[in-house]
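Undergrad: Sequence and predicted structure below; questions after.
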Amino acid sequence: MLKKAWNFLSSMRFAVILLLVLIAACAAGSFVTQGQTLAWYTQTYSERTAALIMALHLDDVFHSLWFIVLTAFLCLNLLLCNVLRLPSLIRKWKSAGSARTVRAHRAEAAGRGEKDPDGLFQRLGFRHVEKDGDFRFGIKNRAGIWGAWVCHLGILLVILGFGLGQSFKEEYTVYGVPGQSRQIGDTSYILTIDAFDVDLREDETVRQYAADITVRNASDGTSASGTAAVNAPLTMFGMKFYQNSTGWACDMKVEKDGEEIQKETVCAGDYLAIKDKPDLLVLFNVFYPDYVMDPENGPMTASSELKNPAYLYSAYYQGRMLGMNALTGDEVLTIDEYTITFENPRNYTLIQVKKDPFTPLALIGGLVTLIGLILAFYVQPAWIRAEKNGDEWITEAGSRKGGALFTEHFAEEAEKEGMTPVQKEADAVPADSQPEDAAEQAKTE
Amino acid sequence: MSEGFFLKAENVLFTITMLLYFASMVIYFIFLISKNDKAARIANIIMTVGLCLHTAALVIRGIGAGRLPLTNQYEFATSFAWGLCLVSLIFIRKYRFQVLGAFSAPVIFLIIGYAAMQSKDIHELMPALRSNWLGFHVSTAIISYGSFGVSFVLALIFLMRDRIGENSFLDRHIPSREKLDLIGYRAVSLGLLFLTFCIITGSIWAERAWGSYWSWDPKETWSLITWLIYALYLHLRIRRGWRGKSAAIFAAIGFVCVLFTYIGVNTFLPGIHSYA
């Protein structure tokens, strides 16, 4: 029973099943909008569909337990496949160059002629000709037998790097306007935004966003500075800093009886709690640099230029909404004895901070996969042998995946060398037949 | 010279290219009807000239835009047609297989026709697209899609040959079932290799631009699905019975998936890749 399970887990049949299920899972994850609530799915689809989505965790396919288990099974299958195939591949690799092995191969192509066969060997790319009396042979592209094995190893490394990265990476976001300092998550590092530049073209489109930042380690006082721009992240203290996004911020000034009691810089989406009255919150919803009221779409901005600034706010007291409005020009917000002024609009920057020591592992995995594919597809192991029979040389050859194309190429080159191609039985093999290496792989099933 | 001059020049070259691809398609059709080998040779020459002018159009657009012309639906569609034409001509030459052109020409014409329906306006690039990785990522996608397109065409030829059976014209111009199957396999291999390149270069770029090399964005997910489908094709080939007709049907389905990744995702599943 255990052996049966073991054989199944390492089989190609299981690999095929896993690939099919993975394809279906990925498709589901792309068609079902991810990360929404039950209410959202109920509204978008139907109550029954929404319940099914939540029950199958289709709302977060790629982080669901079943998807992780599926990926773990894929890793197990790849690992077992590689471990079980390794001894036979090593044996194959070692024995490939021996006369005995070459003699034992079944020929796919053959030719006969009186001329020395070395010319044909060279024409077919067999550079080293081994001689054993009247028997000559050559092999080429032996490394190709490792193609699938290396490719599987690469995929394993990619999944491992990605999985470890997801589990152990540290990721934070820090946002603010120039001059502000913020702690990076719960680390000992303090990030200060020194400057933030939005480089505009003549047509007002953005060429680049760049933030000058300084990071200081509060525990030892060391610091480093640099510029993080889109497509040009900054690396400091083993962390990567990305210029992620931007938005509008402003200063919110609170006055009571004509006296300023509070002033803070607030980014759109953030709120200000009145110091005197912490239950009173003013949320800075949206900023419109060039405010217009569109009859169909409501408040919007006509351009990105600061022509007619407007601040959309909403106020709450003890969780209850007091009101929502847009302030333009010199308008201020008055709630009881408090006067709140929105002023000095400017861009804030959002810096993404990331530390993922396993990214290089995933990259190495990707490159190993690529090497594996090149070996599998373009380094085709092939062999050739020639033996003298009276005055005539009989030359035979075969390749791992060349099939009819290799046979044809051999025949053409043999004719150029003045040899007569001989029709081999292999030529008549039907298209649905199984190649030599496939039979070996299929054994694992 | 102004951007307008380059755009006009590109427009003229693009139109001539379309006409040449159309002419090539018609003459290939005449070849199939008349069974005159000369027609196939002429169609092949016209397709080659079309590819040269198509290359010139892309280069001129690139000079006019001051960047690689690979960033919006029009540019990618015209490049896709270019890639399919290039890979088709390589396969025609390598395997001396003129009939391939007769089947790939309509697909090339359809794709370039789709390109013609897109806006040709040149827009400045948003900061995330201003990267040297753009060239590597999109050009590998073009070769990959072109190769999968050729595998699709080969699958159609295989299925047609399988259906028609013995026919002296087909026997003379179309390789044996086994050889067709192998050529199709090689087209898929080339496509999968370049798709892997495309995914890796895209991941490196995404890591620099977005801070994450894999975000399960719909385009990324469908690239992975395409990769998995062709990986499945390769695995099923190893099993007895999944060659020939079955493999051809699978390759055809794979290309439908490629088209969905290219057009369907942008249309139905917007994500961070939806630039155009």
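TA: Looks like it came in fine. Numbering: from 1, shown residues only, chains lettered A, B, ... in the order given.
Undergrad: give the contact list for the most centrally placed residue in chain B.
TA: By Cα atoms, centre = their mean, chain B has its centre lying nearest to residue B:146, at 2.5 Å. By Cβ atoms under 8 Å, 6 or more residues apart in numbering or on different chains, the contact list for residue B:146 reads B:80, B:82-88, B:191. All C-beta spots, glycine's among them, are computed from the backbone N, C-alpha and C.
Undergrad: Which of those fall in helices?
TA: B:80, B:82-88, B:191 (DSSP state H).
Undergrad: ok, so of the residues you listed, who is nearest chain A?
TA: residue B:191 (10.4 Å; Cβ to the nearest Cβ).
Undergrad: According to the record, where do the domains of the chain fall?
TA: Just so you know, I chose chain A. Listed domain ranges for chain A are A:2-65, A:96-141+A:380-444, A:172-355 (source: automatic domain parsing).
Undergrad: was after chain B, sorry
TA: B:1-120, B:127-276.
Undergrad: Worst mean pLDDT among those domains?
TA: Comparing mean pLDDT across the domains of chain B, the weakest is domain B:127-276, with a mean of 89.
Undergrad: how distant is that one from the center of its chain?
TA: 9 Å (Cα atoms, centre = their mean, to the nearest Å).
Undergrad: neighbours around the residue of the stretch 51-200 of chain A found nearest chain B, how many?
TA: Per Cβ to the nearest Cβ, residue A:62 is where the stretch 51-200 of chain A lies closest to chain B, at 4.8 Å. For residue A:62, the count of nearby residues is 18 (other Cβ atoms under 10 Å in any protein chain shown).
Undergrad: can you pull the contacts of it?
TA: A:29, A:34, B:216.
Undergrad: Could you look up the SS state of the closest residue to the second one other than its chain neighbours?
TA: Counting by Cβ to Cβ, 6 or more residues apart in numbering or on different chains, residue A:34 lies nearest to residue A:60, which is 5.9 Å off, once chain neighbours are set aside. With DSSP: H, G, I helix; E, B strand; the rest coil as the basis, residue A:60 sits in helix.
Undergrad: pretty sure residue A:111 contacts residue A:411?
TA: Yes. If you go by Cβ atoms under 8 Å, residue A:111 and residue A:411 touch, sitting 7.2 Å apart.
Undergrad: which residues do these two both contact?
TA: With Cβ under 8 Å, 6+ apart, residue A:111 and residue A:411 have common neighbours residue A:421.
Undergrad: what about the two, which has more around it?
TA: Comparing residue A:111 with residue A:411 by other Cβ under 10 Å, the one with more neighbours is residue A:111, at 23 against 19.
Undergrad: So what touches stretch A:101-116?
TA: Defining contact as Cβ under 8 Å, 6+ apart, one finds that stretch A:101-116 is touched by A:95, A:120, A:135, A:137, A:139, A:383, A:385, A:391-399, A:402-403, A:406-407, A:410-411, A:414, A:417-422, A:424, A:426-427, A:436.
Undergrad: of these, buried ones?
TA: A:120, A:137, A:139, A:383, A:385, A:393-399, A:402-403, A:406-407, A:410-411, A:414, A:417, A:419, A:421-422, A:424, A:426-427 (16 or more other Cβ atoms under 10 Å in any protein chain shown).
Undergrad: Compute the first-to-last residue distance for stretch A:333-341.
TA: 6 Å (Cα to Cα, to the nearest Å).
Undergrad: chain center to that stretch: distance?
TA: Using Cα atoms, centre = their mean, the offset of stretch A:333-341 from its chain centre is 50 Å.
Undergrad: list the buried ones in that stretch?
TA: A:333, A:335, A:338-341.
Undergrad: Then stretch A:152-160?
TA: Quick answer for stretch A:152-160 (16+ other Cβ under 10 Å): A:152-159.
Undergrad: still on that earlier bit, report the entries of the contacts of stretch A:101-116 that also contact chain B.
TA: Applying Cβ under 8 Å from any Cβ of the partner chain to those, one finds that A:402-403 fall near chain B.
Undergrad: need the helices for the stretch 51-200 of chain B, in chain order.
TA: With DSSP state H, counting those that start in this stretch as the criterion, the stretch 51-200 of chain B has helices at B:73-95, B:99-116, B:133-164, B:168-173, B:177-209.
Undergrad: ok, now the stretch 101-250 of chain A?
TA: Under DSSP H, counting those that start in this stretch, the stretch 101-250 of chain A gives helices at A:118-123, A:147-168.
Undergrad: got these as a markdown table, with mean pLDDT and distance to residue A:201 columns?
TA: Below are those laid out as a markdown table (pLDDT from 0 to 100; distance: least, Cβ to Cβ, whole Å):
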| stretch | mean pLDDT | distance to residue A:201 |
| --- | --- | --- |
| helix A:118-123 | 92 | 59 |
| helix A:147-168 | 97 | 36 |
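Undergrad: As a markdown table, these with distance to residue B:39 would be great.
TA: Formatted as a markdown table, these follow (distance: least, Cβ to Cβ, whole Å):
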| stretch | distance to residue B:39 |
| --- | --- |
| helix A:118-123 | 34 |
| helix A:147-168 | 41 |
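Undergrad: Tell me which of the ones you listed lies nearest to residue B:42.
TA: Closest approach to residue B:42 among the helices of the stretch 101-250 of chain A (Cβ to Cβ): helix A:118-123, 32.8 Å.
Undergrad: Could you show which parts of the stretch 51-200 of chain B are in contact with chain A?
TA: So far as Cβ under 8 Å from any Cβ goes, the stretch 51-200 of chain B lies against chain A at B:95, B:123-124, B:126-128, B:130-131, B:175-179, B:181-183, B:185-186, B:189-190, B:192-193, B:196-197, B:199-200.
Undergrad: Let's see that with 6 Å instead.
TA: With the criterion set to Cβ under 6 Å from any Cβ of the partner chain, the stretch 51-200 of chain B comes near chain A through B:124, B:127-128, B:131, B:177-179, B:181-182, B:189, B:193, B:196, B:200.
Undergrad: What parts of the stretch 201-350 of chain A come near chain B?
TA: Counting by Cβ under 6 Å from any Cβ, the stretch 201-350 of chain A sits next to chain B at A:201, A:205, A:208-209, A:230-231, A:242.
Undergrad: Just the buried subset of these, written out for PyMOL, thanks.
TA: Burial among these is assessed by 16+ other Cβ under 10 Å; the matching PyMOL selection reads:
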select buried, chain A and resi 208+209+230+231+242
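Undergrad: The residue of the stretch 51-200 of chain A closest to chain B and residue A:162: what is the separation?
TA: The gap separating residue A:62 from residue A:162 is 11 Å, by Cβ to Cβ, to the nearest Å.
Undergrad: With residue B:191 instead?
TA: For residue B:191, the distance to residue A:162 - Cβ to Cβ - is 24 Å.
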